[in-house]
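# Mind looking at a prediction? Sequence and model below.
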Amino acid sequence: MPIKPSQVLSLLEAKRDDFMSYDKTALQELQQYLAALAQMSRQPEKALQEKLAGIQYCGALPLEPFGKFQDWIIPSKLIWQSREQSLEWVRDRLTGISTFAVDGSQIYPSKDVSIPVALVQIGWYENSHLPSGIYEKDIDLDVMTPNDLRVERGDLADRKVNLRRFEMETQRIIKYMESHADCETCLAFFDGSLVVTFAEAFDEETRNFYVKCMRQLLQASEYFRVPLVGYIDTSTAHDLTEMLRLLCNLPESKSLHDAQLISRAKNGEMQWGDRTPLFLCQRSGVLDQYQDQADRIAFTYLKTNKDSYPVRLELPVWVYEAGWHDRILDWVRGEVVIGGGYPYVIETADQVAVLKNEDRQVFYGLLQDWADKEDLKLRLSRKMVSKMRRR
């Protein structure tokens, strides 16, 4: 039964004061942090580095020179009169540049199948950006057995599947880097953060697994000299706000995050293509386990949509040290232009990887046929069989 709009509106009205109080507090905090941002952006990066020296978890450290940019907003000055003009700019920047992305999908163990079994699929897309239109799309998959899952079903089994997907995605990017070693015209995208803070919610074994995969990816990027960008479309990170809190002795904010703050800087006039300087991520928590990579992740915020908060980009520090960051950020801008607001290479990898409902039915049909041939006692529930017949 669909929800009743009248009930929803009645409850919202009854709890109006809670929303108003939250909104008022959030606005007050934002104004305090915006004032701090304006004040700190007038100081050179070296002065801030000195003030933050000795603070282990200061959120962020200035990495790239600030220049004289108000509120840490570096203008791109990219203004086009037409779509064709923007695409001409993209062709100038991306022709001959290989961009690569991977995404994954999965079929979790189901109570409708008598044996715990799962399917993980990754898909990738490489665009060479050549007039000939050369590109590569392909998939790889893995069937997870009861031994792989090691538990019957439920959250723990699903977690095993997620771990395997993460491992396959990162290992495929590493394979790309290995095959493109020392390539100055390549860029690998990772769809997500290079700082796996989400893993802090899990047990130590799970957390260590995610960290190991990400450390291997970061190490491979530096070893093979293939640039890597972690693309976070909707970021709630608060590294810059934590840095400002410490610099200006501000009250801790539970609601404010970096992208929101930067978006409101310069009176909300951040234009498409504008970005912040690069900062070194100095977040507490999981980065402690990154060992040699703990101080090797930089980030910036880039405006990619007129009506949205800037996205967060993360990249290995070696890219900045090599002086490649400006051209790579232009490559990211180019992918966003092609994709109409989101990197085309990531979007396409997602389309390649996704498992649809018909794929699920094919998988279970193949599984049933194979189990019958091998004389395995596999049973599908009547509910699942009914669905398969109907579809």
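Arrived safely, thanks for sending. Numbers count the residues shown, from 1 in each chain.
# Check the secondary structure at L261 for me.
In terms of secondary structure, L261 is helix; the call rests on DSSP: H, G, I helix; E, B strand; the rest coil.
# how much space between it and F209?
33 Å (CB to CB, to the nearest Å). Glycine gets a C-beta too; all of them are placed from N, C-alpha and C.
# Which of these two has more residues huddled nearby?
Using other CB atoms under 10 Å as the criterion, L261 and F209 rank with L261 on top: 24 against 19.
# where do the strands sit along the stretch 1-150 of the chain?
59-62, 98-107, 118-127, 135-144 (DSSP state E, counting those that start in this stretch).
# helices and strands around the second one, which ones?
When you say that, I think you mean strand 98-107. strand 118-127, helix 155-179, strand 186-190, helix 344-353, helix 357-373 (3 or more CB pairs under 8 Å, 6 or more residues apart in numbering; DSSP states H and E).
# Quick one: mean pLDDT for it?
Mean per-residue pLDDT for strand 98-107: 97.
# Please save the CA atoms from that strand in PDB.
Provided in PDB are the C-alpha atoms of strand 98-107 (Å, rounded to 0.1, in the frame of the first residue of the first chain):
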ATOM      1  CA  SER A  98      43.500   6.800 -21.900                       C
ATOM      2  CA  THR A  99      41.000   7.000 -19.100                       C
ATOM      3  CA  PHE A 100      40.000   3.900 -17.200                       C
ATOM      4  CA  ALA A 101      37.400   2.900 -14.600                       C
ATOM      5  CA  VAL A 102      36.000  -0.200 -13.000                       C
ATOM      6  CA  ASP A 103      32.700  -0.900 -11.200                       C
ATOM      7  CA  GLY A 104      31.100  -3.900  -9.700                       C
ATOM      8  CA  SER A 105      27.800  -5.600  -9.000                       C
ATOM      9  CA  GLN A 106      26.800  -8.700  -7.100                       C
ATOM     10  CA  ILE A 107      24.100 -11.300  -6.400                       C
END
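# Please work out the angle formed by the directions of that strand and strand 135-144.
Orientation note: strand 98-107 sits at an angle of 30 degrees relative to strand 135-144 (axes from the mean of the first three to the mean of the last three CA atoms, to 10 degrees).
# picking up where we left off before, dump the strands of the stretch 1-150 of the chain to a markdown table, plus mean neighbour count and distance to H180.
Listed next are the strands of the stretch 1-150 of the chain as a markdown table, based on neighbours: other CB atoms under 10 Å; distance: least, CB to CB, whole Å:
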| stretch | mean neighbour count | distance to H180 |
| --- | --- | --- |
| strand 59-62 | 22 | 30 |
| strand 98-107 | 24 | 7 |
| strand 118-127 | 24 | 9 |
| strand 135-144 | 15 | 12 |
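# And for the nearest residue to I232 once chain neighbours are set aside, the neighbour number?
Counting by CB to CB, 6 or more residues apart in numbering, I232 lies nearest to R312, which is 4.2 Å off, once chain neighbours are set aside. Residues near R312, counting by other CB under 10 Å, number 24.
# The strand or helix carrying R312 - contacts with which helices or strands?
Following DSSP states H and E, one finds R312 within strand 311-316. For strand 311-316, the packing partners by 3+ CB pairs under 8 Å, 6+ apart come out as helix 204-224, strand 228-232, helix 258-268, strand 297-302, helix 325-338.
# what sits up against the helix or strand following it?
Next helix or strand after strand 311-316 toward the C-terminus (DSSP H and E): helix 317-321. Under the contact criterion CB atoms under 8 Å, 6 or more residues apart in numbering, helix 317-321 has outside partners 63-64, 221-222, 225, 227-228, 278, 280, 295-298, 325, 328.
# now with 10 Å?
Residues from elsewhere that reach helix 317-321, judged by CB atoms under 10 Å, 6 or more residues apart in numbering: 63-64, 187, 218, 221-223, 225-229, 278, 280-281, 293, 295-298, 300, 324-326, 328-329.
# which stretches of this structure have low pLDDT?
Across the chain, the ranges flagged by pLDDT under 70 are 1, 12, 17-26, 151-155, 266-268, 378-391.
# what do you get if the cut-off is 80, keeping everything else the same?
Scanning the chain for pLDDT under 80 picks out the ranges 1-6, 8-27, 67-68, 111-114, 150-155, 265-269, 367-368, 371, 374-391.
# Show me it divided up by domain.
Structural domains annotated on the chain: 55-355, 357-391, as defined by automatic domain parsing.
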